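Asker: let's see this in three dimensions:
(2 chains)
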Protein chains: 2
Amino acid sequence: MLGGAATYISLASSYFTQTRIVAVVGDDFAQEDADLLASRGIDLEGLERVPGKTFFWAGKYSDDMNDRTTLQTDLNVFADFKPKLPESYQNARYLLLGNIQPSLQRMVHQQMKHLRLGGGDTMNFWISDFRAELLETIKTWDFLLINDGEARMLSGETNLKKAAAKILAMGPHTVIIKRGEYGAMLFRKDSYFVVPGYLLENVFDPTGAGDCFAGGFIGYLAEHGFDLEGDHISRGMLSRAVIYGSVMGSFCCEKFGVERFRTLTRAEIDARFEEFRQFTKF
Amino acid sequence: MLGGAATYISLASSYFTQTRIVAVVGDDFAQEDADLLASRGIDLEGLERVPGKTFFWAGKYSDDMNDRTTLQTDLNVFADFKPKLPESYQNARYLLLGNIQPSLQRMVHQQMKHLRLGGGDTMNFWISDFRAELLETIKTWDFLLINDGEARMLSGETNLKKAAAKILAMGPHTVIIKRGEYGAMLFRKDSYFVVPGYLLENVFDPTGAGDCFAGGFIGYLAEHGFDLEGDHISRGMLSRAVIYGSVMGSFCCEKFGVERFRTLTRAEIDARFEEFRQFTKF
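Answerer: The predicted structure is shown next:
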């Protein structure tokens, strides 16, 4: 079925702001999948279509949903992807770089002309096998989204507070560490914020939850961009962005793949944000 | 060195309220250990001294401190312990039953004459091998403190929200699930509260952290007992009690054994409570 980082990020972000997608698909890409994205108001001008097959991934989860095994990865048309931003994209103020080879992330970042806030995600493969390229890439980012295991791998520190301090020294002024069912943490030089995960009664499919977190995070920041002055983003705005990221990640897990986004409404999103307030306040 | 559930619980609780200890030790129990407890104002009238050796435990932690292996357990004088409450203890309003055989916990509970709030802790061994006795015991408790793995074992549910619902149906109106470094959750019939763990830069020794959590939890409730009307405890008071529990557990990990309690002050405790407010608010 329809999947991929750009899909989840843009679906989640679309509830908060006008979202533009940059990606490549093959000539097998279904019209109904493009229609789903378009129905959420997502700009598809940057969705390149080339001859061949679309990237494909399949995996299997452990019983507790905390581990997954990749069964199949076919790069297909993705192997030769050189992202080119349409003219209309280059003035966007907010950029979320999905998990992809760091040099391609950099290529996109460099095409942005008036960026207010840019950053992205990465994964263990780039950390271990493309380390120099990754470090060169993230040093210009405002924020890095990363999970706890990857933060330990990137920093060489087991303790997450120490890991975050080392990553902040690599360039980004904000590091968000995702901990799956245990929630998320946001670190800046002088402060940090921690939120527990939303307690779902049934985790149906965690695929894409991290990307939905990213989409909710950047989407909320873009929606409330007027609060942002240069490098100065209020701590409160960032914390709320982490909550909206957590909210979007939790909805993603409720159904298979992108299914939840066929019916999800902004009212449901805001109600869950309010639930976070209720179960964390003291 | 000095250890044991009653030791940690009473040391933690002593920062909040007059605390009385019920326990047994052998004739090898060091005067300096009794002096440490007395220096915190803990009433030792219920500390029974009998001929023989004091209970002894030794264990070894994994590198990430999340698992431990028991190296040695000698019951010694504990084997024949039949807790008897001094007259002056029987009118206490708050009771915390440390981890011990459920029938002994019940024996203590039954000696209390004017209890406002009583509950306690248990462990995997009692859940698996003394299940009927444990269920008979906790059905009269107001609250149960339990860790996540034990909650799953007791309820037969992997999902913690479902596990908590099943445990609430066993009797206690409040269930607190401890998740180690990931924090704690408090469940009641119609609401729940979740707090992430305190981010220590160095976890020196987690021994006793769960008991210190229990001591901080009950201690805070006893200190603010005037807020409590019969079965009606305010949700806010319980949440703050969970935070004070988390605070006490985090301090416990900073030094070996009970060492941290030689210098810890109430001002440090309240400052860390305030830190919790800062890093969780949004």
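Asker: and the stretch 51-200 of chain A, which of its residues are near chain B?
Answerer: A:63-64, A:158-162, A:179, A:182-183, A:185, A:191-196, A:199-200 (Cβ under 8 Å from any Cβ of the partner chain). The C-beta positions use only the backbone N, C-alpha and C, and glycine is treated the same way.
Asker: rerun that using 6 Å as the cut-off
Answerer: Contacts of the stretch 51-200 of chain A with chain B, taken as Cβ under 6 Å from any Cβ of the partner chain, map to A:159, A:161, A:182, A:183, A:192, A:193, A:194, A:196, A:199.
Asker: for the residues you listed, which PyMOL command selects only the ones that are buried?
Answerer: Per 16 or more other Cβ atoms under 10 Å in any protein chain shown, the buried members of those correspond to this PyMOL selection:
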select buried, chain A and resi 159+182+183+192+193+194+196+199
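Asker: pretty sure residue A:78 is touching residue A:56, no?
Answerer: No: if you go by Cβ atoms under 6 Å, residue A:78 and residue A:56 don't touch, sitting 9.3 Å apart.
Asker: higher neighbour count, these two?
Answerer: Using other Cβ atoms under 10 Å in any protein chain shown, the more surrounded residue of residue A:78 and residue A:56 is residue A:78, with 22 against 15.
Asker: now do the SS call for the more buried one.
Answerer: helix (DSSP: H, G, I helix; E, B strand; the rest coil).
Asker: with residue A:48 instead?
Answerer: From three-state DSSP, the assignment for residue A:48 is strand.
Asker: my read: it touches residue A:26, true?
Answerer: No: with contacts counted by Cβ under 6 Å, residue A:48 stays clear of residue A:26, the gap being 10.1 Å.
Asker: what's in contact with the lengthiest helix in chain A?
Answerer: Identified as the longest helix of chain A according to DSSP state H is helix A:235-252. Identification of contacts with helix A:235-252 by Cβ atoms under 6 Å, 6 or more residues apart in numbering or on different chains yields A:12, A:184, A:186, A:191, A:193, A:195, A:198, A:208-209, A:212-213, A:215-217, A:220-221, A:224, A:227, A:260, A:264, A:269, A:272-273, A:276, B:282.
Asker: may I see the buried residues of it?
Answerer: Here helix A:235-252 shows A:235, A:237-252 as buried, counting by 16+ other Cβ under 10 Å.
Asker: and stretch A:167-174, by the same measure?
Answerer: Buried-residue list, stretch A:167-174, by 16+ other Cβ under 10 Å: A:167, A:168, A:171, A:172, A:173, A:174.
Asker: as a markdown table, these with pLDDT and secondary structure would be great.
Answerer: What follows is these, written out as a markdown table (pLDDT from 0 to 100; DSSP: H, G, I helix; E, B strand; the rest coil):
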| residue | pLDDT | secondary structure |
| --- | --- | --- |
| A:167 | 98 | helix |
| A:168 | 98 | helix |
| A:171 | 97 | coil |
| A:172 | 96 | coil |
| A:173 | 94 | coil |
| A:174 | 96 | strand |
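Asker: just to revisit the earlier point, in strands, which of the residues of the stretch 51-200 of chain A next to chain B appear?
Answerer: The members of these that map onto strands under DSSP state E are A:192, A:193, A:194.
Asker: from these, which is closest to chain B?
Answerer: residue A:194 (4.2 Å; Cβ to the nearest Cβ).
Asker: what sits against that closest one?
Answerer: Residue A:194 touches A:185, B:196, B:279, counting by Cβ under 6 Å, 6+ apart.
Asker: what is the neighbour count of the residue nearest to residue A:2 when sequence neighbours are not counted?
Answerer: Distance criterion Cβ to Cβ, 6 or more residues apart in numbering or on different chains; nearest residue to residue A:2, sequence neighbours excluded, is residue A:33 at 4.3 Å. Residue A:33 is flanked by 16 other residues according to other Cβ under 10 Å.
Asker: just the element for residue A:33, please.
Answerer: Element membership of residue A:33 [criterion: DSSP states H and E] is helix A:31-39.
Asker: export that helix as PDB, just CAs?
Answerer: Provided in PDB are the C-alpha atoms of helix A:31-39 (Å, rounded to 0.1, in the frame of the first residue of the first chain):
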ATOM      1  CA  GLN A  31      -3.900   7.600  -9.100                       C
ATOM      2  CA  GLU A  32      -5.900   6.900  -5.900                       C
ATOM      3  CA  ASP A  33      -2.800   7.400  -3.800                       C
ATOM      4  CA  ALA A  34      -2.000  10.700  -5.500                       C
ATOM      5  CA  ASP A  35      -5.700  11.600  -4.900                       C
ATOM      6  CA  LEU A  36      -5.500  10.900  -1.200                       C
ATOM      7  CA  LEU A  37      -2.600  13.300  -0.900                       C
ATOM      8  CA  ALA A  38      -4.300  15.900  -3.000                       C
ATOM      9  CA  SER A  39      -7.500  15.500  -1.000                       C
END
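Asker: list the buried ones in that helix?
Answerer: Result for helix A:31-39 [16+ other Cβ under 10 Å]: buried residues A:33, A:34, A:36, A:37.
Asker: so the second one versus residue A:45, what's the distance?
Answerer: The one in question is residue A:34. 12 Å (Cβ to Cβ, to the nearest Å).
Asker: equivalent analysis for the third one, please.
Answerer: As for residue A:36, its distance to residue A:45 is 17 Å (criterion: Cβ to Cβ).
Asker: and residue A:64, how far from residue B:220?
Answerer: 33 Å.
Asker: possible to save the residues of the stretch 51-200 of chain A next to chain B as JSON lines with pLDDT and distance to residue B:122?
Answerer: Shown next, in JSON lines, are those (pLDDT from 0 to 100; distance: Cβ to Cβ, whole Å):
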{"residue": "A:159", "pLDDT": "93", "distance to residue B:122": "30"}
{"residue": "A:161", "pLDDT": "96", "distance to residue B:122": "32"}
{"residue": "A:182", "pLDDT": "96", "distance to residue B:122": "24"}
{"residue": "A:183", "pLDDT": "97", "distance to residue B:122": "27"}
{"residue": "A:192", "pLDDT": "97", "distance to residue B:122": "34"}
{"residue": "A:193", "pLDDT": "98", "distance to residue B:122": "34"}
{"residue": "A:194", "pLDDT": "98", "distance to residue B:122": "28"}
{"residue": "A:196", "pLDDT": "98", "distance to residue B:122": "24"}
{"residue": "A:199", "pLDDT": "96", "distance to residue B:122": "22"}
